[in-house]
Every structure is written in structure tokens, then in C-alpha cells.
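Asks: sequence unavailable; structure follows:
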Ligand code: SAM
Ligand code: SF4
Ligand code: SF4
């Protein structure tokens, strides 16, 4: 396919594609899929509305031809999608215009990872990020809200490391009053293990988690709390526009990261597009409308037409929600918040 790199209205290139493969999940994390809303009666996407693996791969190939070098598979819980490793295998076969395989990673809650880790590695997955919000049983059970035990996630992390899916990153969303008391314990647990623990500021994504600014623990506070026990020093970013700010323990205990989407917006370097499981492309996590690529695909559009649609969409992109949040939205209420798309749908 003849395509080239594309940039948006702020000269940001398209480099990363996050693909949500399902909107379903077996956890009910309070900050993502609160059970009052995602209960028994919640209408998840019917199966025939999900993009097939062939459709996902076709769109991904077009994105890769336009400069995407990193693909992250997510959801919902990606490993709940049947035969997920086949999709990994198909995506691993893609090549960038200069002949390289795109960097293929996945974010998972770890519940099905232990038995799948080797299969995924063999299919071509490079790395995994595993979410774990506390090392304390009681806190973690309250956060995932299905009583899922810490030990099982730790077992999955070990399996991923053993399969060569490392360095494994661990995502901890910090919510004040829920799990912030466990920040230092989490740091202590993962120090020296080769895992990179990342602390994520609780975001006002979606409309159902009842987000409040005072529940956000600023990354500066996270670093101060850890640094008081285990001294830290900054590490140079891996690349421009990296979402996670890197730090390392001064005594050689390894690396951690902080993702400060609320207190230090990183829209300026944001090169990410998101594809929902039903084929809508979003140019921002906080977008209220996506572009229906499935309609184009199923309407018989050629690769050239799909390619033109992607170029036009990215070329017109002006998103910088997090930068504007501070200025315009002290809370997270109002009509705009009500229209925002849920993280489990758009893909975290
Ligand atoms: N189910 C998988 C998992 O939990 O890893 C993948 C999807 S999940 C939506 C992706 C990431 O988004 C997880 O690390 C999760 O903790 C994070 N996340 C979800 N809601 C969030 C919120 N309101 N603020 C910050 N991070 C959030
Ligand atoms: Fe599920 Fe991940 Fe959302 Fe938790 S954060 S409810 S594991 S999709
Ligand atoms: Fe990117 Fe939107 Fe997040 Fe800004 S708010 S970093 S533009 S996804």
C-alpha cells in the first residue's frame, strides 16, 4: 500500500494505535466499570458488531502504512476475546514502510494471562502491562469489586516474565481514600523484580465513575511519598512524547513511572489513536464521537478509501482535552462529561 506519515493540526504524527477488542470485562473496577452501571442489565456490544480479526488487521495495516509503529491491544479485558492469540499472530505479521514489525503490546487485568502467556509470546506479542491497584488483599478486592485475589495477578505477572513478555509494566491507578495508603507498599513489593511499576493519576474518563478532582493523587505526591522511603532520581525519557515520566531508585532497585494525565497534561506529544471494538476510531481518550470505520469496511470501501478516511481524520485532529481540562473543567460534571465515552469501550 502506498501511504505516508500523517500529522494533525498541531503537527503531531500518528504513531500509536490502541485497539480495544472487547467492551466486556470480568472485573468491575470502581474507577472504570462501576457495578451500579455495568450490572446484569448492561447492554454490551452484540458479537456481530465487533470487528472481526480480519477487519482489525486490515485497519491496523492501513494505520501502520501511515506511520503507526506501536500497537497496544486492550479493552475491556482483551483476553476475554475468544482466540485472541490469533489476532496477535495476524498483527505481528504487519510491516512498517521501512520493513519493521510494529511494537505489539497488551494491557490486561491478568486474570487469564498465566495460561496464555507463552501462547501470546509465540504468536508475536512483545510485552504486557498488567493492572494491579494494590498489594493488599482487602484494598485490591474493593478496587476490582469482584473479590479477585492479589496472588493470582502476581502469578500471572510471573508467568509473563517467564514467557519473555517483559519487562512487565504494572499499572496502579491511584484513587485517594481507596488505595493511596498502599503506594509505598506497592513500590516496596516490585523493587528489584524487574517489573516497572507505574502510578496513574485517576482520570475523569467516561461518565460513570463519579470522578472528583480531590480523589486524584498528584504524581508529585506519589513521588514524594516513595522518595521519603526509597530515594529516587529522574531518568531521561525513552522518546519524545512518552506518557510515563521515568524515575529510578538511587540504590539500583529498578525503575518506576508516573503518568500525570491530570496534573501535567501531555497532549502536546500525544500521537495516539484508539479503535473501539465496534470499529469507531477516536483521536482522543476524551472524544465524544468516533468515526465509524466499520461502516466503511462493511460497505465495501477499498484500502485507498480507508486510507483517505484515516488521513482526513488525523489531518483534522485538534484534540488536547487534558490541557484544556485545567482551564475549563474544575469538576467533571455537565453535558460534556455526560457524553464522554467509557474507558472500557474506547480502550484504556
Ligand atoms: N482490562 C485491562 C486492564 O485493566 O488492564 C485493559 C483495559 S483498562 C481500561 C486499561 C487501563 O486503564 C488499566 O490499567 C486501568 O487501570 C486504566 N484505567 C481505567 N479507568 C481509569 C481511570 N478512570 N483513570 C485512570 N486509569 C484508568
Ligand atoms: Fe476491567 Fe480493566 Fe476496566 Fe478494571 S480497568 S474494569 S480490569 S477494563
Ligand atoms: Fe491525547 Fe486526548 Fe489524552 Fe490529550 S487528552 S493526551 S489529546 S488522548
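Replies: Looks like it arrived, so ask away. Everything numeric here is computed off the predicted structure, so don't read it as measured data. Numbering: from 1, shown residues only. Ligands and ions are numbered 1, 2, ... in the order given.
Asks: does residue 342 really touch residue 206, like I thought?
Replies: Yes: counting by CB atoms under 8 Å, residue 206 is a contact partner of residue 342 at 4.0 Å. Every residue, glycine included, has its C-beta placed from N, CA and C.
Asks: between those two, what contacts are shared?
Replies: When contacts are counted by CB atoms under 8 Å, 6 or more residues apart in numbering, residue 342 and residue 206 have residue 32 as shared neighbours.
Asks: higher neighbour count, those two?
Replies: Legend: neighbour count by other CB atoms under 10 Å for residue 342 and residue 206, higher for residue 206 (23 against 18).
Asks: ok, now how distant is the more buried one from ligand 2?
Replies: Going from residue 206 to ligand 2 by CB to the nearest ligand atom, to the nearest Å gives 10 Å.
Asks: go ahead and confirm that residue touches residue 288.
Replies: No: counting by CB under 8 Å, residue 206 stays clear of residue 288, with 11.0 Å between them.
Asks: what sits in contact with each of those two?
Replies: The contact sets of residue 206 and residue 288 overlap at 340, 341 (CB under 8 Å, 6+ apart).
Asks: do you know how far residue 270 is from residue 248?
Replies: When distance is defined by CB to CB, to the nearest Å, residue 270 is 25 Å away from residue 248.
Asks: which parts of this protein sit against ligand 3?
Replies: For the chain, the residues in contact with ligand 3 (CB under 6 Å from any ligand atom) are 266, 267, 270, 272, 284, 285, 286, 319, 320, 321, 322.
Asks: so which residues of the stretch 151-300 of the chain form helices?
Replies: Remark: helices assigned in the stretch 151-300 of the chain by DSSP state H, counting those that start in this stretch are 183-190, 219-227, 293-298.
Asks: go through the ones you listed and pick out the most buried.
Replies: Neighbour counts (mean count of other CB atoms under 10 Å) averaged over each of the helices of the stretch 151-300 of the chain peak at helix 183-190, with a mean of 20.
Asks: phi first, then psi, for the residue of the stretch 51-200 of the chain found nearest ligand 2.
Replies: As assessed by CB to the nearest ligand atom, ligand 2 sits closest to residue 109 within the stretch 51-200 of the chain, at 3.6 Å. Dihedral pair for residue 109: phi -80, psi 0, per degrees, to the nearest 10.
Asks: surely it touches residue 131?
Replies: Yes: judged on CB under 8 Å, residue 109 makes contact with residue 131 at a distance of 5.2 Å.
Asks: looking at those two, which is more packed in?
Replies: residue 109 (27 against 23).
Asks: residue nearest the centroid of the protein?
Replies: Nearest residue to the geometric centre of the chain (CA atoms, centre = their mean): residue 348, 3.4 Å.
Asks: for ligand 1, find the nearest of the helices of the stretch 151-300 of the chain.
Replies: Comparing the helices of the stretch 151-300 of the chain under CB to the nearest ligand atom, the one sitting nearest is helix 219-227, at 12.2 Å.
Asks: mean pLDDT for the helices of the stretch 151-300 of the chain - can I get that in JSON lines?
Replies: Output for these, formatted as JSON lines (pLDDT from 0 to 100):
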{"stretch": "helix 183-190", "mean pLDDT": "98"}
{"stretch": "helix 219-227", "mean pLDDT": "98"}
{"stretch": "helix 293-298", "mean pLDDT": "98"}
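Asks: now tabulate those in JSON lines and tack on distance to ligand 1.
Replies: What follows is those, written out as JSON lines (distance: least, CB to the nearest ligand atom, whole Å):
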{"stretch": "helix 183-190", "distance to ligand 1": "13"}
{"stretch": "helix 219-227", "distance to ligand 1": "12"}
{"stretch": "helix 293-298", "distance to ligand 1": "20"}
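Asks: distance to residue 117 for the ones you listed - can I get that in JSON lines?
Replies: Converted to JSON lines, the helices of the stretch 151-300 of the chain look like this (distance: least, CB to CB, whole Å):
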{"stretch": "helix 183-190", "distance to residue 117": "18"}
{"stretch": "helix 219-227", "distance to residue 117": "28"}
{"stretch": "helix 293-298", "distance to residue 117": "31"}
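Asks: closest to residue 159 out of those helices?
Replies: Closest approach to residue 159 among the helices of the stretch 151-300 of the chain (CB to CB): helix 183-190, 16.0 Å.
Asks: which residue does this structure bring closest to ligand 1?
Replies: Taking CB to the nearest ligand atom, the chain has residue 348 as its residue nearest ligand 1, at 2.5 Å.
Asks: spatially nearest residue to that residue (excluding sequence neighbours)?
Replies: Counting by CB to CB, 6 or more residues apart in numbering, residue 348 lies nearest to residue 74, which is 5.5 Å off, once chain neighbours are set aside.
Asks: burial of the one you found, as a residue count?
Replies: Neighbour tally, residue 74, other CB under 10 Å: 23.
Asks: is it bridged to anything, and to what?
Replies: Note on residue 74: beta-bridge partners residue 20, judged by DSSP bridges.
Asks: can you pull the contacts of it?
Replies: Here residue 74 is in contact with 18, 19, 20, 21, 106, 107, 347, 348 (CB under 8 Å, 6+ apart).
Asks: among the residues you listed, who's most crowded?
Replies: Tallying neighbours with other CB under 10 Å puts residue 20 at the head of the contacts of residue 74, with 28 neighbours.
Asks: what residues are up against that residue?
Replies: If a contact means CB under 8 Å, 6+ apart, then residue 20 has 74, 75, 76, 78, 274, 275, 276, 277, 345, 346, 347 as its contacts.
Asks: quick one: it from ligand 2, how far?
Replies: Residue 20 is 9 Å from ligand 2, by CB to the nearest ligand atom.
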